[in-house]
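> I'll drop the sequence and a predicted model, then ask my questions.
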Amino acid sequence: MASDFCAPRIGRSEVERTYTALFSINDLSVRLDHVLADGNHVAVRFRVLGSIGGQRFEVPIADFFEVRDGLIVYDLGVFDNAGRPCRP
């Protein structure tokens, strides 16, 4: 789940779709602020920076993960989506 999703994205193909879109930004960079881990549960606060159409952006994100057998089984990304409508 993420702040701009209309519904959970489930399965490997949906995870790939989500991250492929993010990593398609040519000058994308991530600045890690904090990581907390407790067993299989991880909380991360970071900032995504880049530009789209010549416009620079920086988005602070809090992400909460659960990992089992080396795979992400839960991922909730929380950020200010500036009131944009959700994306299917």
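Thanks, I have it.
> What are the contacting residues of the lowest-mean-pLDDT helix or strand in the chain?
Within the chain, no helix or strand scores below helix 12-23, which has a mean of 85 by mean pLDDT, DSSP states H and E. Contacts made with helix 12-23 from outside it, assessed by C-beta atoms under 8 Å, 6 or more residues apart in numbering, are listed as 2, 9, 28, 48, 72, 75. C-beta: built from backbone N, CA, C; applies to glycine.
> Which ones among those map onto strands?
With strands taken from DSSP state E, the overlap with the contacts of helix 12-23 comprises 48, 72, 75.
> Nearest to His34, out of the contacts of helix 12-23: which one, please.
The shortest gap between His34 and any of those belongs to Val48, at 14.9 Å (C-beta to C-beta).
> doesn't Ala62 make contact with that closest one?
No. Judged on C-beta atoms under 8 Å, Val48 makes no contact with Ala62 at a distance of 11.9 Å.
> if we look at the sheet, which residues does His41 bridge to?
On the basis of DSSP bridges, His41 takes part in beta bridges with Asp38, Glu66.
> residues touching it, list them.
Counting by C-beta under 8 Å, 6+ apart, His41 makes contact with 64-66.
> Which pLDDT value goes with it?
The predicted structure scores His41 at 98 on the pLDDT scale.
> Kindly report the same for the one 10 residues further on.
Looking at Ser51, its pLDDT is 91.
> Isn't it up against Leu28?
No. Ser51 sits out of contact with Leu28 when judged by C-beta under 8 Å, with a separation of 9.0 Å.
> residue closest to the middle of this protein?
The chain has Gly77 as the residue nearest its centroid, 5.0 Å off, counting by C-alpha atoms, centre = their mean.
> one step back: return the member of the contacts of helix 12-23 nearest to Cys86.
Closest approach between these and Cys86, by C-beta to C-beta: Ala2, at 9.2 Å.
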